[in-house]
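Asks: Test case, fold it:
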Amino acid sequence: MKPYTSENLRNVAIIAHGGAGKTSLVEAMLFDGGSTARLGSVDNGTSVLDSEPEEIKRKITLTSAIHHFDWQGKHINVIDTPGYANFIVDTKACLRVAGGAVVIVSAISGVKVQTEAVWKYADEFEIPRIVFISKLDRERADFARAVGEMETVFNCYPLVLQLPIGKEEDFVGVVDLVAMKALRYSNDQSGKFTVEEIPDHLQAEAEAAREAMIERVVEADDDLMEKYLGGEEITVEEIYLATHEGSMTGKFVPVVCGSALKNIGIQPLMDLICSCLPSPLERPTQMAEMLADDEEHELVPDPDAPFTAIVFKTISDPFTGQLSLFRVYSGTLASDSSCFNSTRDRKERIGQLLKLEGNKQIQIDKCGPGDIVAVAKLKETVTWDTLCSEKTPMRLKGLELPAPMISFSLRPKSKGDEEKLGSALQRLMAEDPTITIVRNDETKELVISGMGQVHVEVTVDRIKRKFGVDVELDAPKVPYKETIKGTVSIQGRHKKQSGGRGQFGDVWLKIEPLPKGSGFEFVNKIVGGVVPRQYIPAVEKGVQEAMAGGVLAGYPVEDLKVSLFDGSYHTVDSSEMAFKIAGSLAFKKGVIDAKPVLLEPVMAMEINVPNDHMGDIIGDLNSRRGKVNGVEPMANSQLIKAQVPMSEVLKYAPDLRSMTGGRGMFTMEFSHYEELPSHLTTKIVEAAKLEKEES
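Replies: Numbers count the residues shown, from 1 in each chain. All right, here's what the predicted structure looks like:
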């Protein structure tokens, strides 16, 4: 691989909603840049990026993949990211370390919900962007509509640098508005094109578009604005310099167009990546906490500075073991050296540094500021740990992960695979931090939680393929909770005599409700030592253990206050265990009399649907006990904001696809708990009793 400096490095994430053509675009760039010998295809399974069997089967990107190519003297690290809601956290992680982004907007479907979501992530990290209007060779493709929609939805100023030549199946090239030339492509996916004069029927449109482009681009530079107002000609070089400046400051977003499948318009996009998106030296400097003084220090992207990097992804590779991907922010790291994990306070041995090429790697000798590289078999390091110089330990801020959306109980089909399953789950959680595994002490079940049903199903597929463990998933369980609406005072008395020393504990508790979301509060109101001080923590522990399984249906109890105000003890027979049992008995008896109710989780949803389906979707949400909070008009669609009980939308994705012909999309996150209606409470309580009897 050719050597390069940080100045000539670009880290570019390709982002959009699922199905927009991100992987196809990256495949075309790798082919045109000479990194691959053939144009890979998602549809026929030859992509070098979507190489996981689960990705090939579903024909979607499930996890981000990194490759690289050289173009115009620049070294481009390109990151192909997921676009589906279940896997979009991976996209956010990649944007955390990227320097720029190419946002794909489909000329057919326009801006969908997930594209808007990743655009907001890019806003959060202040990442300069280029928009690529894709799929212009497809039926119903409309370039002008796509540009108008991105301007409306993204609330940005598009700087249109190209116009398409031809429509749908007759799309053959682009008009370069900067050079005022036509680029006509051969129809063989080679990416070869000829430079021609602009066709007569597009001349007037191109001149008007160029004038609009010049008026917008000069806004990035005061001197250029003065020159333009003075009637002087703006040169091609000045346009590109101003385009770079405007994209860096966010005054506008450059827009180009093409077709990834036909390899049309890809090379001009690669030119624009080199000229408009920033090198690591042009990005805002990162702040890191210096462990020596707990002060924040600026990380300078200097190869001679102390080494500092952040691990943003972990991959379980069947051949090389665990791969840790990191982005260098300062200093230099060499192969066969060592560094310090400041997050874990551990020294790590660095073996061979690796440059990723999809599912393959090549060895490199060293890495410097801006580099995205991998290293295998770090012992203690996990995602979002900081690697740095042991002499100057510092820590970078990681990424806050969203809470899981859905849970299933998980068990191996063969009892002998329990140990193998545990090991597999630990490795998969290291690879995907949005997967969580907990053991429910009440039901003795292993519970797997993820961002959606597809996310969990893909994880199960990987467990079988990578670790040879067949597992079964049970239907998702809704995490109901219990609370109370009334106040009671109740006695809990535990007395047992069986020869020798007995057991005695006696407490009086006042149990009262707290406002929603308050949790649990325990108050000690004992005076005069009627309950010795050493037994009071045991009473609280007994109450908390009883709260873990409520009296209605065995769900955790929350939002209440328990006050210990009276009791008695025996000088010989009293013990911590006796008072713990007394506290538990009092709580269980008291809650029965305190008007217990079931609480159900409610999800906040945003559903993007075509205009002609809005009535059907709102009607369906009402039938699911949902509350529609508002509707916002979007370009060619409506964004419905609603709150719906989780139990009603556990399998909403296939239902929405069915109702909208696959054109609807939604996002969902936990909002709050609400009281479950009484007729549904009866059903849940009866089901819980039946399950208890059967077990």
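Asks: Name the surrounding residues that touch the helix or strand containing Phe312.
Replies: Using DSSP states H and E, Phe312 sits in strand 308-317. The contact list for strand 308-317, computed with C-beta atoms under 8 Å, 6 or more residues apart in numbering, reads 63-64, 90, 93-94, 96-97, 288, 299, 322-331, 333, 374, 376, 381-389, 394, 396, 398-399, 427-428, 430-431, 466. Where C-beta positions appear, they are placed from N, C-alpha and C, glycine not excepted.
Asks: Check stretch 419-438 too.
Replies: 63, 89-90, 314-316, 322, 382-384, 401-402, 404, 410, 412, 446-451, 455-456, 459, 462-463, 466-469, 471.
Asks: Tell me which of these fall in helices.
Replies: 89-90, 455-456, 459, 462-463, 466-467 (DSSP state H).
Asks: Mind listing residues that contact the strand or helix carrying Leu241?
Replies: Assigned by DSSP H and E, Leu241 belongs to helix 236-249. If you take C-beta under 8 Å, 6+ apart as the criterion, helix 236-249 is touched by 128-130, 159, 161, 178-179, 213-214, 216-221, 224, 251-254, 272, 275-278, 282.
Asks: Keep only those of the residues you listed that are in helices.
Replies: If you go by DSSP H, the contacts of helix 236-249 have 213-214, 216-217, 224, 272, 275-276 in helices.
Asks: Can you list the strands that whatever helix or strand Ala604 lives in pairs with?
Replies: Per DSSP H and E: Ala604 is located in strand 596-610. Paired neighbours of strand 596-610 in the sheet (DSSP bridges): strand 481-484 (antiparallel), strand 637-645 (antiparallel), strand 665-675 (antiparallel).
Asks: most packed of these?
Replies: strand 481-484 (a mean of 23; mean count of other C-beta atoms under 10 Å).
Asks: Check the offset of that strand from the chain's centre.
Replies: Its chain's average C-alpha position is 31 Å from that of strand 481-484, according to C-alpha atoms, centre = their mean, to the nearest Å.
Asks: swap in stretch 7-19?
Replies: For stretch 7-19, the distance to the chain centre is 16 Å (C-alpha atoms, centre = their mean).
Asks: export that stretch as PDB, just CAs?
Replies: These are the backbone C-alpha positions of stretch 7-19, laid out as PDB (Å, rounded to 0.1, in the frame of the first residue of the first chain):
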ATOM      1  CA  GLU A   7      -3.300  15.700   5.100                       C
ATOM      2  CA  ASN A   8      -4.000  13.300   2.200                       C
ATOM      3  CA  LEU A   9      -6.400  11.100   4.300                       C
ATOM      4  CA  ARG A  10     -10.200  11.100   4.100                       C
ATOM      5  CA  ASN A  11     -12.500   9.100   6.400                       C
ATOM      6  CA  VAL A  12     -15.900   8.900   4.700                       C
ATOM      7  CA  ALA A  13     -19.100   7.300   5.900                       C
ATOM      8  CA  ILE A  14     -21.800   6.400   3.400                       C
ATOM      9  CA  ILE A  15     -25.100   6.900   5.100                       C
ATOM     10  CA  ALA A  16     -28.800   6.600   4.200                       C
ATOM     11  CA  HIS A  17     -31.900   4.500   4.900                       C
ATOM     12  CA  GLY A  18     -31.800   0.700   4.100                       C
ATOM     13  CA  GLY A  19     -32.200  -0.100   0.500                       C
END
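Asks: mind checking which helix or strand the closest residue to Asp620 other than its chain neighbours is in?
Replies: Distances taken as C-beta to C-beta, 6 or more residues apart in numbering put Met659 closest to Asp620, at 6.5 Å, once the chain neighbours are dropped. Per DSSP H and E: Met659 is located in helix 652-660.
Asks: For that helix, buried residues please.
Replies: Within helix 652-660, the residues that count as buried by 16 or more other C-beta atoms under 10 Å are 652-653, 656, 659-660.
Asks: how about the strands in the stretch 301-450 of the chain?
Replies: 308-317, 321-330, 333-334, 337-341, 346-350, 353-357, 360-364, 366-367, 372-376, 386-388, 394-395, 406-412, 436-440, 445-450 (DSSP state E, counting those that start in this stretch).
Asks: quick one, which of those is nearest to Ile165?
Replies: Ile165 lies closest, by C-beta to C-beta, to one member of these: strand 353-357, at 33.8 Å.
Asks: who touches the closest one?
Replies: 1, 35, 48, 65-68, 320, 323, 325, 333-335, 361-367, 372-376.
Asks: Out of those residues, which end up buried?
Replies: Here, 16+ other C-beta under 10 Å leaves 35, 48, 65-68, 320, 323, 325, 333, 335, 361, 364, 367, 372-376 buried among the contacts of strand 353-357.
Asks: what's near enough to touch the residue positioned nearest the centre of the chain?
Replies: Residue closest to the average C-alpha location in the chain (C-alpha atoms, centre = their mean): Val89, at 1.0 Å. If you count contacts by C-beta under 8 Å, 6+ apart, Val89 has them with 401-402, 434, 451.
Asks: And the pLDDT for it?
Replies: pLDDT recorded at Val89 is 89.
Asks: Need phi/psi at the residue nearest to Leu177 when sequence neighbours are not counted.
Replies: Distances taken as C-beta to C-beta, 6+ apart put Arg210 closest to Leu177, at 4.6 Å, once the chain neighbours are dropped. Arg210 adopts backbone torsions of phi -70, psi -40, taken as degrees, to the nearest 10.
Asks: Quick one: the strands in the stretch 101-250 of the chain, in order.
Replies: In the stretch 101-250 of the chain, the segments counted as strands under DSSP E, counting those that start in this stretch are 129-134, 158-160, 162-165, 173-176, 181-185, 193-196.
Asks: Using JSON lines, lay out these together with mean neighbour count.
Replies: Formatted as JSON lines, the strands of the stretch 101-250 of the chain follow (neighbours: other C-beta atoms under 10 Å):
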{"stretch": "strand 129-134", "mean neighbour count": "26"}
{"stretch": "strand 158-160", "mean neighbour count": "23"}
{"stretch": "strand 162-165", "mean neighbour count": "24"}
{"stretch": "strand 173-176", "mean neighbour count": "24"}
{"stretch": "strand 181-185", "mean neighbour count": "20"}
{"stretch": "strand 193-196", "mean neighbour count": "14"}
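Asks: Same list, these, but as JSON lines with distance to His244 and mean pLDDT please.
Replies: What follows is the strands of the stretch 101-250 of the chain, written out as JSON lines (distance: least, C-beta to C-beta, whole Å; pLDDT from 0 to 100):
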{"stretch": "strand 129-134", "distance to His244": "11", "mean pLDDT": "96"}
{"stretch": "strand 158-160", "distance to His244": "11", "mean pLDDT": "96"}
{"stretch": "strand 162-165", "distance to His244": "17", "mean pLDDT": "97"}
{"stretch": "strand 173-176", "distance to His244": "17", "mean pLDDT": "96"}
{"stretch": "strand 181-185", "distance to His244": "21", "mean pLDDT": "96"}
{"stretch": "strand 193-196", "distance to His244": "23", "mean pLDDT": "95"}
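Asks: which stretch among those comes nearest Val539?
Replies: Evaluated with C-beta to C-beta, the strands of the stretch 101-250 of the chain place strand 129-134 nearest to Val539, the distance being 58.8 Å.
Asks: and that closest one, how far out from the chain's middle?
Replies: Centroid displacement of strand 129-134 relative to its chain, using C-alpha atoms, centre = their mean, is 21 Å.
Asks: before we move on, what about stretch 479-490?
Replies: With C-alpha atoms, centre = their mean, you get 36 Å for stretch 479-490.
Asks: So for it, mean pLDDT?
Replies: On average, stretch 479-490 scores 94.
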